[in-house]
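Visitor: Build me a model from this:
(4 chains)
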2 protein chains.
Amino acid sequence: MDKRELLIRTAFRLFYSHGIHAVGINSVLKESGVAKRTLYHHFESKEQLVEAVIQYRDAVFLEWMQKRLASVEAGEAGIRELFAALHDWFNDQVIELQAFNGCFFINSSAEYGDHDSPIHKACALHKEKVVQLIHRQVEASGVLAKKVDEVTGFIAMIKEGAIVTAHVQGDRDSALRGERLALAMLQLNRGHEPTA
Amino acid sequence: MDKRELLIRTAFRLFYSHGIHAVGINSVLKESGVAKRTLYHHFESKEQLVEAVIQYRDAVFLEWMQKRLASVEAGEAGIRELFAALHDWFNDQVIELQAFNGCFFINSSAEYGDHDSPIHKACALHKEKVVQLIHRQVEASGVLAKKVDEVTGFIAMIKEGAIVTAHVQGDRDSALRGERLALAMLQLNRGHEPTA
DNA sequence: CCTAAAGTAGACAGATCGGTCTACATGATA
DNA sequence: TATCATGTAGACCGATCTGTCTACTTTAGG
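Guide: I've put the predicted structure just below:
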């Protein structure tokens, strides 16, 4: 495998389970079996490696989520699938996402709290992309047009709450609660076609 | 001031704005002007200092929140006050909580991901206490008795989502959105006394 | 065939990490 | 008066941090 890729994957695994500041460059090298010189050939600094790791996780997570959402009809079924996917993630049923340890972007934002930090910005950007995925589902869900943005914001917020609750509290069923809440919200903001 | 207290306050300020692993013991000493020997007189290790800092923040945050909730009638008004308080916090209107940088317990859980870590456990415990505060408000809100636990879980989840959204995305109005969502949920699960 | 990119091991530098230690000062209390 | 908790400054320890460097090897493409 490409050494650059190997470094990113190894770094992600270690950063995700122990935190970024808690993992030294030497651990990444030891774990991956790559020479230090090679790391600094591909990346100018640890910070640049971190940025590459964020970008990598962003791609992996979004591809996974998009695939899950594409497996059902857009709309309410998509919202159900969103929370079903989260539930699988929280319960370690998604191999490509690794053992659940919270959201890597929330965690990294915690370590790089400054909003001007490139790393924090990259985390915010990832979240925006996920919001867009949700937006498409809400648009197709029969929610009143003028309520679509509001409901999208609600569901995105519920999703973040479910992730945090699953991680901090260890509540592995928080996605199920999130689903019930989100569906109730959809119902409440729907036009009346589905009842006909 | 008590040196122990001074160390805890200084450590909190630094940990909260830069993360725990990113702040060395020497920074805490320099910033507080306390001798290293004194720190290790009061605390066996950095980890014990961290635990004391968590406990300190737990007390400060809960006292603040309890005072805010006590200022209004329990029930729906309490839920409104909860989100009003969060809104003030997110917008740096609460001096005793320091400039908003996310939730210290979520942030620390990110750095101490292992559920068996005493620090992670302490963070989970804090969240449980906050849930109890919410529970009391929901109980008094006219929500159907059998729905109280469910609605409490919803509102706690919304609260976490609002905090994360405010921090990661920099959305300073997320508490207002959270309030709208929470109130709609209350309404939906209410018995019919208030309409009479 | 030649060259340039990508790779190796690991010593090294300078800073900082958490934590220990000596030696001493102060102030309250038994 | 004697003692003990609390405090000071800062040298020192071994480990680890990010990042540089020398010297050499492998590999793929023009």
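Visitor: Is the helix ranked longest in chain A in proximity to DNA strand D?
Guide: Assignment by DSSP state H gives helix A:46-70 as the longest helix of chain A. Yes: Helix A:46-70 lies within reach of DNA strand D by CB under 7 Å from any atom of the strand, at A:Lys46, A:Glu47. Any C-beta I mention is one placed from the backbone N, CA and C, and that applies to glycine too.
Visitor: So what's the gap between that helix and the chain middle?
Guide: The chain centre lies 8 Å from the centre of helix A:46-70; the measure is CA atoms, centre = their mean, to the nearest Å.
Visitor: who touches the closest residue to A:Asp58 other than its chain neighbours in this structure?
Guide: With sequence-adjacent residues excluded and distances taken as CB to CB, 6 or more residues apart in numbering or on different chains, A:Asp58 is closest to A:His126, at 4.6 Å. Going by CB atoms under 8 Å, 6 or more residues apart in numbering or on different chains, A:His126 touches A:Ile54, A:Arg57, A:Asp58, A:Phe61, A:Leu62, A:Phe105.
Visitor: same check, this time on A:Ala85
Guide: Residues in contact with A:Ala85 (CB under 8 Å, 6+ apart) are A:Trp64, A:Met65, A:Arg68, A:Leu69, A:Val94.
Visitor: Throw those into CSV and include neighbour count and distance to B:Asp2, thanks.
Guide: Shown next, in CSV, are the contacts of A:Ala85 (neighbours: other CB atoms under 10 Å in any protein chain shown; distance: CB to CB, whole Å):
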residue, neighbour count, distance to B:Asp2
A:Trp64, 16, 51
A:Met65, 20, 50
A:Arg68, 19, 54
A:Leu69, 20, 55
A:Val94, 17, 49
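Visitor: quick check, nearest of these to DNA strand C?
Guide: Taking CB to the nearest atom of the strand as the measure, DNA strand C lies nearest A:Trp64 of the contacts of A:Ala85, at 26.2 Å.
Visitor: ok, and the residue nearest to A:Asp58, which helix or strand is that part of?
Guide: Counting by DSSP states H and E, the element that carries A:His126 is helix A:118-139.
Visitor: Pull the distance from that helix to the chain's centre.
Guide: Relative to its chain's centre, helix A:118-139 lies at 9 Å (CA atoms, centre = their mean).
Visitor: so after that helix, what's the next helix or strand?
Guide: helix A:148-168.
Visitor: Counting by contacts, list what that following helix packs against.
Guide: helix A:76-90, helix A:104-111, helix A:118-139, helix A:174-188, helix B:104-111, helix B:118-139, helix B:148-164, helix B:174-188 (3 or more CB pairs under 8 Å, 6 or more residues apart in numbering or on different chains; DSSP states H and E).
Visitor: and the contacts of A:His126, which are buried?
Guide: Neighbour-count burial (16 or more other CB atoms under 10 Å in any protein chain shown) is assigned, among the contacts of A:His126, to A:Ile54, A:Arg57, A:Asp58, A:Phe61, A:Phe105.
Visitor: how about CSV for these, with pLDDT and distance to A:Gln132 added?
Guide: Shown next, in CSV, are the buried ones among the contacts of A:His126 (pLDDT from 0 to 100; distance: CB to CB, whole Å):
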residue, pLDDT, distance to A:Gln132
A:Ile54, 98, 18
A:Arg57, 98, 17
A:Asp58, 98, 13
A:Phe61, 98, 13
A:Phe105, 98, 15
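Visitor: And these, which is closest to chain B?
Guide: A:Phe105 (6.7 Å; CB to the nearest CB).
Visitor: How much space separates A:Ser71 from A:Ala77?
Guide: 9 Å (CB to CB, to the nearest Å).
Visitor: Now A:Lys46: closest residue in space, sequence neighbours ignored.
Guide: Per CB to CB, 6+ apart, closest to A:Lys46 is A:Ile25, 5.5 Å.
Visitor: so the one you found makes contact with A:Thr38?
Guide: No: judged on CB atoms under 8 Å, A:Ile25 makes no contact with A:Thr38 at a distance of 11.8 Å.
Visitor: Fine, thanks again, bye for now.
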